[in-house]
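I'll drop the sequence and a predicted model, then ask my questions.
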Amino acid sequence: MTDTLETLIRSNDWLMRVLTVVRDERIPDAWVGAGALRDLVWGERYGSGFRPAEVRDVDVAFFDDSDLSREYDDRVTARLGERMPGVPWEARNQAAVHTWYATKFGGDPVEPLTSIADAIGTWPETATAVVVRLDRDDRIEVCAPYGVADLLDGVWRHNPRQVTVDRSLARLARHRPAQRWPGVTVIPPA
């Protein structure tokens, strides 16, 4: 299945440029994923094609426990923007999520995350809990704690690890996956 994902990624010049910029910036343990990756896969497989101009944000998840400040996220985001202007970059240090998560999303404070895989495992849907990066030899690496089946098979499924049912329902209403990608199967959160 990862061969199918790699083929989709390599066939898109825009995403390959995004991955190259992230790699070349040498951000600690940096990966690209979530909505931008889902939009590519689902647009090509279940919709009317992928349009980079319609990507709301390019999530760059990185892990560096040496600086947990929000300013660090902003500096990394700005560096990426200087390299590839016009891309809606959003870099977030996953080592710092516990410092702001409850304030942003409500609920109890969360435990510090221990790695990129641990962090990605908390993302709202299993299909978006997938990140990729280019290594120095231009090989595509994949980190997918729940696998890539839901992403490739077009399944919108709530990941209950950190996201409440109410928040998942709100995301479902906002993203409207069945309308955006007619071939996608939505499994409502329970």
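That came through fine.

low-confidence ranges in the protein?
1 (pLDDT under 70).

which one is the most centrally placed residue in it nearest to, not counting chain neighbours?
By Cα atoms, centre = their mean, the chain has its centre lying nearest to residue 34, at 2.0 Å. Nearest non-adjacent residue to residue 34, counting by Cβ to Cβ, 6 or more residues apart in numbering: residue 59, 4.0 Å away. The C-beta positions use only the backbone N, C-alpha and C, and glycine is treated the same way.

can you pull the contacts of that neighbour?
Residues near residue 59 by Cβ atoms under 8 Å, 6 or more residues apart in numbering: 32, 33, 34, 35, 36, 90, 92, 131.

Kindly report the same for residue 11.
Residue 11 makes no contacts at all, as judged by Cβ under 8 Å, 6+ apart.

now do the one 10 residues further on
Listed by Cβ under 8 Å, 6+ apart, the contact partners of residue 21 are 80, 83, 84.

Is the last one in contact with residue 18, as I believe?
Spelled out, that is residue 84. Yes - in this structure, residue 84 is within contact of residue 18 by Cβ atoms under 8 Å, at 6.8 Å.

neighbour-wise, which of the two wins?
residue 18 (26 against 16; other Cβ atoms under 10 Å).

end to end, how far does stretch 56-64 reach?
25 Å (Cα to Cα, to the nearest Å).

Going forward, the N-terminal residue is numbered 46.
Sure thing, new numbering starts at 46, so read that last one as stretch 101-109.

What residues of it count as buried?
Of all the residues in stretch 101-109, those buried under the rule 16 or more other Cβ atoms under 10 Å are 103, 104, 105, 106, 107, 108, 109.

repeat for stretch 137-152
Under the neighbour-count criterion of 16+ other Cβ under 10 Å, stretch 137-152 has 137, 138, 139, 140, 141, 142, 146 buried.

tally of neighbours for residue 68?
Neighbours of residue 68 under the rule other Cβ under 10 Å: 16.

Same question for the one 5 residues further on.
Using other Cβ under 10 Å, the number of residues around residue 73 comes to 14.

show me the contacts for the closest residue to it other than its chain neighbours.
For residue 73, ignoring the flanking residues on the chain, the nearest one in space by Cβ to Cβ, 6+ apart is residue 109 at 4.0 Å. Counting by Cβ under 8 Å, 6+ apart, residue 109 touches 72, 73, 74, 117, 138, 140.

May I ask you to confirm that residue 109 belongs to a helix?
No - read with DSSP: H, G, I helix; E, B strand; the rest coil, residue 109 is coil and lies in no helix.

still on that earlier bit, tabulate the buried residues of stretch 137-152 (JSON lines), appending distance to residue 224.
Listed next are those as JSON lines, based on distance: Cβ to Cβ, whole Å:
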{"residue": "137", "distance to residue 224": "28"}
{"residue": "138", "distance to residue 224": "34"}
{"residue": "139", "distance to residue 224": "31"}
{"residue": "140", "distance to residue 224": "36"}
{"residue": "141", "distance to residue 224": "34"}
{"residue": "142", "distance to residue 224": "30"}
{"residue": "146", "distance to residue 224": "29"}
